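Colleague: okay, predicted coordinates and the sequence, questions at the end:
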Amino acid sequence: MTLPRGFKAKAEREARKLRENAGITRSASLDLKAIADNLGVRIISADDLVEIERLEEIECIQAYAFSACTFEINGRHVIVYNPLRTRPRRRSDIAHELAHIILDHDLTEIQYLNDIPFRTCQPDQEEEATAFGGTLLLPRPTLLIEARCGATIKQIAKKFGVTTQMAQFRWNTTGVQKQVAAETARNTRQA
């Protein structure tokens, strides 16, 4: 599957706007609560709703079956996340759910797990939410600043509170490494 033409540029513009509206600078880690508050979205840990043992039981039955989900209750979006995940993973999961809301995705596809129906998004919308969620967490200008400073993927992940997989995903999909290498080569030739 591929993203629609122009999607990445639009996601970068929207991420910049959302960060600016929440008072988050390019060099700062994304404050998910500030973004959610600005959008009127509530974020809740699943262990505030059910006993942690129930979540652990689900995890034993099928690992990673539940990371986060979004509900609409009385016209307000509520994101429920799994507290069993690491903090960086929770941040990615919440950003992914925020992306679904921002992109106005519909929960239209029915899938079954042990004969229990679940509503989910279509695969193309899941891909969009993954890409946009990553853009919210690590916008290209932020990555470019870090790349120019010589930061490693692990350093970026730690600084911005994301998984190394997310940092690598954004690093690979933005082309910042190539841009910085070209700038360095150009500066070396001119010196």
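Modeller: Thanks, I have it. Numbers count the residues shown, from 1 in each chain.

Colleague: how much space separates Ala34 from Arg19?
Modeller: 9 Å (CB to CB, to the nearest Å). (Each C-beta comes from the backbone N, C-alpha and C, glycine too.)

Colleague: can you list the weak-confidence ranges in this structure?
Modeller: Where the chain drops to pLDDT under 70, the residues are 1, 107-121.

Colleague: okay, helices next: where are they in it?
Modeller: 7-21, 32-39, 52-61, 87-102, 123-137, 140-148, 153-160, 164-174, 176-190 (DSSP state H).

Colleague: that older thread, and Ala34 and Arg19? Which one has more around it.
Modeller: Arg19 (21 against 15; other CB atoms under 10 Å).

Colleague: ok, that one - contacts?
Modeller: Taking CB atoms under 8 Å, 6 or more residues apart in numbering as the criterion, Arg19 is in contact with 25-26, 30, 35, 136, 139.

Colleague: of those residues, buried ones?
Modeller: Neighbour-count burial (16 or more other CB atoms under 10 Å) is assigned, among the contacts of Arg19, to 30, 35, 136, 139.

Colleague: from the contacts of Arg19, which is closest to Lys8?
Modeller: Taking CB to CB as the measure, Lys8 lies nearest Pro139 of these, at 11.0 Å.
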